[in-house]
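*Asks:* need a structure here:
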Amino acid sequence: MAKKKNKKNKTGEAPMDITEHPATGGLQAMDTSESADPFPASNFLSRSKIKKGVQMKRSKNVRKTKATAKAISKNEKISEKLSKKDSKRMRVQSAKSLYD
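*Replies:* Numbering: from 1, shown residues only. Next comes the predicted model:
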């Protein structure tokens with residue numbers, strides 16, 4: 001049975017904050033300092049354009065690396081067998097040429 005990943009407490013909801021804050025008397029000056037980034041949307045767009053590949057699970061990654069290692073070793077074995085077969089054929093040809 002599947003587990004619920006997004007469990008929410010539906011039985012008790014958090015009460016809304018209804019405390020009253022005293023109003024400050026007098027006028028306040030508007031803050032005109034530019035401490036924030038003047039183009040905050042550009043950072044968001046640049047971050048949203050960068051897409052990372054789907055993260056492979058560790059077990060899948062391990063299987064993939066083992067399969068590539070196995071394929072490489074198999075390829076090396078085949079090339080070694082072919083070189084041995086070729087050298088044996090050359091030795092047989094040279095021995096036949098000596099007796100002819």
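
*Asks:* Just give me the neighbour total for Asp31.
*Replies:* Using other Cβ atoms under 10 Å, Asp31 has 7 neighbouring residues. (C-beta placed from N, C-alpha, C; glycine too.)

*Asks:* again but with Ser83, I slipped
*Replies:* Neighbours of Ser83 (other Cβ under 10 Å): 10.

*Asks:* Could you list the low-pLDDT ranges of the chain?
*Replies:* Applying pLDDT under 70 to the chain picks out residues 1-26, 34-56.

*Asks:* please redo it, this time with the cut-off set to 90
*Replies:* Counting by pLDDT under 90, the chain contains low-confidence ranges at 1-61, 99-100.

*Asks:* in it, which spans are helices?
*Replies:* Assigned by DSSP state H, the helices in the chain fall at 40-49, 58-99.

*Asks:* Rebuild these as JSON lines, extending it with distance to Leu27.
*Replies:* Shown next, in JSON lines, are the helices of the chain (distance: least, Cβ to Cβ, whole Å):
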{"stretch": "helix 40-49", "distance to Leu27": "29"}
{"stretch": "helix 58-99", "distance to Leu27": "61"}
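
*Asks:* Nearest approach to Ala29 belongs to which of those?
*Replies:* Ala29 lies closest to helix 40-49 among the helices of the chain, at 24.0 Å (Cβ to Cβ).

*Asks:* Could you report the distance from Lys70 to Thr32?
*Replies:* Taking Cβ to Cβ, to the nearest Å as the measure, Lys70 falls 67 Å from Thr32.
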